[in-house]
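Undergrad: The amino acid sequence is not available; the structure is as follows:
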């Protein structure tokens, strides 16, 4: 298959996802407003009793919520595969000459675009929550979140390729997302955790995305940025491989 | 020249054989019909020919490419209008078509030109910028037809193209299909369980039942083979036996107190027939139709359309078979 064909195929898939995204403004608004509520209420409520050295609690959890919006948007992007099966649109795509791997990659690009737009808006709003900004740290944080989104969109698409109903996806999706979010250190520092929680947070890829973003934005992290980035990169690579495999075996 | 060839094509789902050793050839430029009740295996057959489903055994080629060895080339050669609409209803009609030209890698200027042409062909030019969810069922189907033509496929598969359409729209769709064959020189394979559709459109028809091809010929030959016209009578049961003596009565079938006869030269022989039977409560004469052909080969009428149940096409196929 020629590179031009692949590029056109990718553009086709992305074009469709982006058009759908722009038509569903309520989805975009709610995906930004929900984390803001969390920051305001959780941050405001717990902030009055939690004392962290050097940084306010609301500011501390803000990077966690940047990761949250990526996590939720990305994984739930997989619902669209299930919908595509439902409305039979998937057949139109699968019967075209475009290769399955290209279809998967195009979908990933579409999902990552959604997540990137939302997280960028949320990043800017961080000004109001005491997020110290400089260009380099913002670029580094966005790069980390981008890589993270690639892995999480892939994960969502893998789940979606196996599911038959949107309800089923919602169930499994939540089952995957909530533990990943709660055990990521988004809401608390990773030091001095009970042993069982320490183990779970360490095997959770979200932890490293949160830690990396917090490191570059607030200068407070448990691991080096390169280490965090490597883990997220590795996770995303595995998810892409898994996604390509699952799309190859997917039936309409 | 055959543009489609299948040899012993078979698909088994668990204990269910959906398609059983089907072999046929389709000539280029032909309208080829697959006629059969719901769940006969028509859609499964199309799914295999379009590489969406792998056969359990047997082989097939489309446009000279083997469906297993060269699925990519097969997909480049074909277009498909699915039984259920497969356009994205959040996008506009135009956007759905544009998406299709991207998937099939048409150069931009060619793409815009063809989109304009197919929109004209299906009378949707003035609605192209409306979201598809605002379209009526008939409009949606026409959009799907237009989309199937965009990339000028060598073979166009139409899976129940007029299912659920009102008679007027159905007539329109038929006209489009006929125009297509003339203007675009495509080969068309159409599945249907509407007899009049097969009769009206198809050069040749394969009657499929229980996953097998029962008979394959032109609608005219199929009807001629019955050897006469159909006479339906409601008469005294005792008189029916006497009808067996006539050489011009080719077949006698009884169903629900009504006798179906296949009669040679009805114009000449009807009177004699009625003399023997005495007064009839009901007399109907009609030229033999594909429906009679179907009855003759399968021993039963084509089932009325079942309600469309939930689930993917596979589940539906399986369920339709189980409900038999």
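TA: In hand now; what should we look at? Model, not experiment: these values are computed from the prediction.
Undergrad: tell me, how many neighbours does residue A:170 end up with?
TA: 14 (other C-beta atoms under 10 Å in any protein chain shown). Yep, even glycine has a C-beta here, placed from its N, CA and C like the rest.
Undergrad: residues contacting it?
TA: residue A:79 (C-beta atoms under 8 Å, 6 or more residues apart in numbering or on different chains).
Undergrad: which bits of chain B sit near chain A?
TA: B:50-53, B:72, B:75-76, B:78, B:80, B:82, B:84-91, B:95, B:98-100, B:102-105, B:131, B:147, B:312-314 (C-beta under 8 Å from any C-beta of the partner chain).
Undergrad: List only buried entries from these.
TA: Buried members of the residues of chain B next to chain A, counted by 16 or more other C-beta atoms under 10 Å in any protein chain shown: B:50-53, B:75-76, B:78, B:80, B:82, B:84-88, B:90-91, B:95, B:98-100, B:102-105, B:147, B:312-314.
Undergrad: Of the residues you listed, which belong to helices?
TA: B:75, B:76, B:95, B:98, B:99, B:100, B:102, B:103, B:147, B:313, B:314 (DSSP state H).
Undergrad: how about JSON lines for those, with pLDDT added?
TA: Formatted as JSON lines, those follow (pLDDT from 0 to 100):
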{"residue": "B:75", "pLDDT": "93"}
{"residue": "B:76", "pLDDT": "91"}
{"residue": "B:95", "pLDDT": "96"}
{"residue": "B:98", "pLDDT": "96"}
{"residue": "B:99", "pLDDT": "95"}
{"residue": "B:100", "pLDDT": "95"}
{"residue": "B:102", "pLDDT": "94"}
{"residue": "B:103", "pLDDT": "94"}
{"residue": "B:147", "pLDDT": "92"}
{"residue": "B:313", "pLDDT": "55"}
{"residue": "B:314", "pLDDT": "55"}
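Undergrad: Which residue comes closest to residue 110 once chain neighbours are left out?
TA: Here I'm looking at chain A. residue A:17 (2.6 Å; C-beta to C-beta, 6 or more residues apart in numbering or on different chains).
Undergrad: Hmm, no, I was thinking of chain B.
TA: Leaving out its chain neighbours, residue B:110 is closest to residue B:101 (C-beta to C-beta, 6+ apart), at 8.0 Å.
Undergrad: and the helix-or-strand element of chain A with minimal mean pLDDT, anywhere near chain B?
TA: None of the helices or strands of chain A scores lower by mean pLDDT, DSSP states H and E than helix A:25-47, at a mean of 82. No - Helix A:25-47 lies out of reach of chain B by C-beta under 8 Å from any C-beta, never closer than 11.5 Å.
Undergrad: Quick check: closest non-adjacent residue to residue 212.
TA: Because you didn't say which chain, this covers chain A. residue A:228 (3.3 Å).
Undergrad: that's the other chain; I wanted chain B
TA: Spatial nearest neighbour of residue B:212, chain neighbours left out: residue B:20 (5.0 Å); criterion: C-beta to C-beta, 6+ apart.
Undergrad: Am I right that that neighbour is in a helix?
TA: No - according to DSSP: H, G, I helix; E, B strand; the rest coil, residue B:20 belongs to no helix; its state is strand.
Undergrad: Just give the number of residues close to it.
TA: Each residue near residue B:20 was counted by other C-beta under 10 Å, and the total is 18.
Undergrad: Give the full set of residues in contact with it.
TA: Each residue near residue B:20 by C-beta under 8 Å, 6+ apart is listed here: B:10, B:41, B:210, B:211, B:212.
Undergrad: just the helices in chain A please.
TA: With DSSP H as the criterion, chain A has helices at A:3-23, A:25-47, A:57-77, A:79-86, A:89-94, A:100-125, A:135-162, A:166-182, A:195-203, A:205-218, A:225-249.
Undergrad: any idea which of those helices scores lowest on pLDDT?
TA: For the helices of chain A, mean pLDDT drops lowest on helix A:25-47, to a mean of 82.
Undergrad: What residues of it count as buried?
TA: Neighbour-count burial for helix A:25-47 flags A:28, A:31, A:32, A:35, A:36, A:38, A:39, A:42, A:43, A:47 (criterion: 16+ other C-beta under 10 Å).
Undergrad: Kindly reformat the ones in helices among the buried ones among the residues of chain B next to chain A as a markdown table containing distance to residue A:97.
TA: Formatted as a markdown table, these follow (distance: C-beta to C-beta, whole Å):
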| residue | distance to residue A:97 |
| --- | --- |
| B:75 | 5 |
| B:76 | 5 |
| B:95 | 20 |
| B:98 | 17 |
| B:99 | 14 |
| B:100 | 12 |
| B:102 | 11 |
| B:103 | 7 |
| B:147 | 15 |
| B:313 | 21 |
| B:314 | 23 |
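Undergrad: For those, which two are the farthest from each other?
TA: B:98 and B:314 (30.1 Å; C-beta to C-beta).
Undergrad: Report the distance from the host helix or strand of residue B:61 to the chain centre.
TA: Per DSSP states H and E: residue B:61 is located in strand B:57-62. Relative to its parent chain, strand B:57-62 has a centroid offset of 20 Å by C-alpha atoms, centre = their mean, to the nearest Å.
Undergrad: contact partners of that strand?
TA: B:3-10, B:21-23, B:48-49, B:66-68, B:74, B:77-78, B:154-155.
Undergrad: Can you flag which of the residues you listed belong to strands?
TA: Residues of those located in strands (DSSP state E): B:3-10, B:21-23, B:66, B:78, B:155.
Undergrad: Pull the most distant pair out of those residues.
TA: Spanning the widest gap among the ones in strands among the contacts of strand B:57-62 are B:21 and B:78, at 22.9 Å by C-beta to C-beta.
Undergrad: Output the ones in strands among the contacts of strand B:57-62 as JSON lines; include the columns pLDDT and distance to residue B:229.
TA: Output for the ones in strands among the contacts of strand B:57-62, formatted as JSON lines (pLDDT from 0 to 100; distance: C-beta to C-beta, whole Å):
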{"residue": "B:3", "pLDDT": "95", "distance to residue B:229": "36"}
{"residue": "B:4", "pLDDT": "96", "distance to residue B:229": "34"}
{"residue": "B:5", "pLDDT": "95", "distance to residue B:229": "36"}
{"residue": "B:6", "pLDDT": "95", "distance to residue B:229": "34"}
{"residue": "B:7", "pLDDT": "95", "distance to residue B:229": "38"}
{"residue": "B:8", "pLDDT": "95", "distance to residue B:229": "37"}
{"residue": "B:9", "pLDDT": "95", "distance to residue B:229": "36"}
{"residue": "B:10", "pLDDT": "95", "distance to residue B:229": "38"}
{"residue": "B:21", "pLDDT": "94", "distance to residue B:229": "34"}
{"residue": "B:22", "pLDDT": "94", "distance to residue B:229": "32"}
{"residue": "B:23", "pLDDT": "95", "distance to residue B:229": "33"}
{"residue": "B:66", "pLDDT": "96", "distance to residue B:229": "45"}
{"residue": "B:78", "pLDDT": "94", "distance to residue B:229": "40"}
{"residue": "B:155", "pLDDT": "94", "distance to residue B:229": "36"}
